[in-house]
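Student: Pasting the sequence and the predicted coordinates here, then a few questions.
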Amino acid sequence: MALTRSALTDLVTAGFDKYYFDAIRTGMPSDAIFNESGSVKQSEKASGLITGGHLSTKAEGTPKAPLNAYLGYDTELTHSTLAGYLELTEELIEDDLSGTIRRLPSGLANIAANTKEQQRINFLLTGFTTANGGDGKTLWATDHPKKSGGTWANRPSTELDISPANYRAARAAFYKMPDHYGVAREQVASVALCAPEEFDYWNEIIKSSFVADSANRNESNWQNSVQVVQSARWGISDTDQWALFTDKAGHGIIMYERLAPSVRALDNSDSDFATGNMRMQVRARWSVGDEMSGIGTWGTTGI
């Protein structure tokens, strides 16, 4: 439906000196988590070469012990196209006294930014329920397969709410998560994702020089140990959800941008001959996913 003068009466009425745009976003919570990369193809494929284990002691004159290497799990991220438009009547454009209509592209760019953030967080939310990893498992699972045999976990066997004790346990579990040869990766969590309802409690735990909820005033060893990120889109079904991530180089959570949000403002080529209505359009192409089957991440739904 086209926007008309009756729908936006203030724009065509004298006396209004200023118009504001609501909630123009310049940064998003998931920026702290997601790797970003451009793309020039319809999809992006990723694999890996996995080496590891330990060297064996070799006695003089005896053969060396053989080592092994594996191909990683294949993943393919296919870009989606996202688009929308605003349609405006000729009269609304002609009678816009302030020129506000010409500033609408910034509003369309804001819609694209909101969409990007929603899709990123949606991907993380499905990390508890949807098996879309290259190894056939959910992002956070207790049974990721190891190439050398057996499994490893980046999710607790019993879900945990955030508390000083549980944060301590999660940090240790994160550091001890093994590689495909069973050797601890010794990665350190650098970002924590939580719901707004838990953000203040997280800061009590992370920012204080003393252990939160402790009457003994024990000194905290993890003050400012992670960047705490809250998202209003996270924890929709359970505000106790939380997740940890190593630095971006240590995990495969990624967004490929095939086409950055592109806004086409009012143009005669976009006008409808019969009505004279004109359109502003916004279009983008991207994909989100995990190329490393949960490596460098840890998550729990909470209790």
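Tutor: Received the coordinates, thanks.

Student: for the stretch 1-150 of the chain, what spans make up the helices?
Tutor: With helices called from DSSP state H, counting those that start in this stretch, the stretch 1-150 of the chain shows them at 90-95, 104-125.

Student: List the buried residues of the first one.
Tutor: When you say that, I think you mean helix 90-95. For helix 90-95, a neighbour-count test (16 or more other Cβ atoms under 10 Å) marks L92, I93 as buried. Every C-beta, even on glycine, is put in place using the N, C-alpha and C of the backbone.

Student: Just the CA trace of it, in PDB.
Tutor: The C-alpha coordinates for helix 90-95 follow below in PDB (Å, rounded to 0.1, in the frame of the first residue of the first chain):
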ATOM      1  CA  GLU A  90       3.400  11.600  -6.300                       C
ATOM      2  CA  GLU A  91       1.400  14.100  -4.200                       C
ATOM      3  CA  LEU A  92       3.100  13.200  -1.000                       C
ATOM      4  CA  ILE A  93       6.500  13.600  -2.600                       C
ATOM      5  CA  GLU A  94       5.600  16.900  -4.200                       C
ATOM      6  CA  ASP A  95       4.000  18.400  -1.000                       C
END
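
Student: isn't S163 right up against V211?
Tutor: No: contact between S163 and V211 fails when scored by Cβ atoms under 8 Å: they sit 10.4 Å apart.

Student: Looking at these two, which one has more neighbours?
Tutor: Neighbours of S163 and V211, each counted by other Cβ atoms under 10 Å, are more numerous for V211; the result is 20 against 13.

Student: Name the nearest residue to that one, ignoring sequence neighbours.
Tutor: Once flanking residues are discounted, V211 sits nearest to N218: 4.5 Å by Cβ to Cβ, 6 or more residues apart in numbering.

Student: A232: what secondary structure?
Tutor: Per DSSP: H, G, I helix; E, B strand; the rest coil, the local secondary structure of A232 is coil.

Student: Could you give the number of residues near it?
Tutor: For A232, the number of neighbouring residues by other Cβ under 10 Å comes to 11.

Student: same question, P145
Tutor: For P145, the neighbour count with other Cβ under 10 Å is 16.

Student: now swap in F128 and tell me
Tutor: F128 has 19 neighbours, counted by other Cβ under 10 Å.

Student: and the closest residue to it other than its chain neighbours, what pLDDT?
Tutor: Leaving aside its sequence neighbours, F128 sits nearest to T301 (Cβ to Cβ, 6+ apart; 5.4 Å). As predicted, T301 sits at a pLDDT of 97.

Student: Kindly report the same for D213.
Tutor: With respect to pLDDT, D213 has a value of 72.
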